[in-house]
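**Student:** sharing a model prediction with you, sequence too.
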Amino acid sequence: VSMAQNHQDKILSLMELVQDGERRADNGHDSASGQAAESVVLRLANEKIDTLESQMVSLQREKQTRKDYQAREAETVSELNALTEDYGQLLKRSNSLRSAMVKIHEKIIAVEDGQMSP
């Protein structure tokens, strides 16, 4: 952004030079002033082209960065969904194992109670 601003400042200063050259040419100065003004206009046009090209490159980089980020985000969401599904399955398995452990514990207590009371 600062580079674009710098280019814009250069363009504005060149535009001022062109306007000065045009004023001199209008006041009857020689054709060298006209050629100088044309040269300044040409430089101004080249500066504008350079600025637009650099802005275009910058925008293309931003677009690619955004695409890369979106791809990583989609991949992360996919991985999160898979992990969430795995977690759900592990939670179900854990609950069924807990139930089985509770039943085993109850049977052990029942057997011990049966052995304790003769």
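**Tutor:** It's in. Residues are numbered from 1 along each chain as shown.

**Student:** just the element for the residue nearest the centre of the chain, please.
**Tutor:** Residue closest to the average C-alpha location in the chain (C-alpha atoms, centre = their mean): residue 66, at 3.7 Å. Per DSSP states H and E, residue 66 falls inside helix 31-116.

**Student:** quick one: distance of that helix to the chain centre.
**Tutor:** Relative to its chain's centre, helix 31-116 lies at 11 Å (C-alpha atoms, centre = their mean, to the nearest Å).

**Student:** show me what it is packed up against.
**Tutor:** Applying 3 or more C-beta pairs under 8 Å, 6 or more residues apart in numbering; DSSP states H and E, one finds that helix 31-116 contacts helix 2-26. All C-beta atoms are positioned from the backbone trio N, CA, C, and that covers glycine.

**Student:** average pLDDT for the helix it packs on?
**Tutor:** Across helix 2-26, pLDDT averages out at 71.

**Student:** ok, now how distant is residue 73 from residue 87?
**Tutor:** Separation of residue 73 from residue 87 (C-beta to C-beta, to the nearest Å): 21 Å.

**Student:** residue 5 now?
**Tutor:** Shown here: residue 5 relative to residue 87, a distance of 50 Å by C-beta to C-beta.

**Student:** can you report how many residues neighbour residue 14?
**Tutor:** Counted with other C-beta atoms under 10 Å, residues neighbouring residue 14 total 19.

**Student:** for residue 17, that is, sorry about that
**Tutor:** For residue 17, using other C-beta under 10 Å, the count is 17.

**Student:** thank you kindly, that will do.
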